[in-house]
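Asks: Give the three-dimensional model of this entry:
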Amino acid sequence: MNVEITLLEGQKFQANFGNHQLISDQSVSTGGDESYPEPFDYLLPPILAPSKK
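Replies: Numbering: from 1, shown residues only. Below is the predicted model:
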């Protein structure tokens, strides 16, 4: 799978992979405007969520 990362305005990044797209931003305290989740916010929920079969 190819992953392409693009720097958008400010602290925003866009990740394109397959047919999917994620946009992340940083908190105000680190120079972002919190208009999207921070990168770590995308990682944490799948790890903490219980798996269902």
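Asks: List the contacts of residue 22.
Replies: For residue 22, the contact set (Cβ atoms under 8 Å, 6 or more residues apart in numbering) comprises 14-15, 42. Every C-beta, even on glycine, is put in place using the N, C-alpha and C of the backbone.
Asks: Kindly reformat these as CSV containing pLDDT.
Replies: Shown next, in CSV, are the contacts of residue 22 (pLDDT from 0 to 100):
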residue, pLDDT
14, 97
15, 96
42, 91
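Asks: Retrieve the pLDDT associated with residue 53.
Replies: You'll see residue 53 listed with a pLDDT of 58.
Asks: Low-confidence ranges, this structure, go.
Replies: Along the chain, the model assigns pLDDT under 70 to residues 51-53.
Asks: Tell me where this structure has helices.
Replies: Per DSSP state H, the chain carries helices over the ranges 39-48.
Asks: can you give me the strands in this structure?
Replies: Secondary structure of the chain by DSSP state E: the strands cover 3-7, 13-17, 20-24.
Asks: Please tabulate these in CSV, including the columns distance to residue 36.
Replies: What follows is these, written out as CSV (distance: least, Cβ to Cβ, whole Å):
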stretch, distance to residue 36
strand 3-7, 13
strand 13-17, 9
strand 20-24, 5
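Asks: returning to what we had before: is it possible to mark the buried ones in the contacts of residue 22?
Replies: For the contacts of residue 22, a neighbour count by 16 or more other Cβ atoms under 10 Å gives an empty buried set.
Asks: quick revisit: between the strands of the chain, which gets nearest to residue 46?
Replies: Shortest distance between residue 46 and those, using Cβ to Cβ, is found for strand 20-24: 12.6 Å.
Asks: List the buried residues of that closest one.
Replies: Neighbour count says strand 20-24 has residue 24 buried, by 16+ other Cβ under 10 Å.
Asks: Please name the strands paired to that strand in the sheet, noting orientation.
Replies: Within its sheet, and counting by DSSP bridges, strand 20-24 is paired with strand 13-17 (antiparallel).
Asks: Residues touching the strand it pairs with, excluding its own?
Replies: Contact partners of strand 13-17, identified using Cβ under 8 Å, 6+ apart, comprise 1-8, 21-25, 39.
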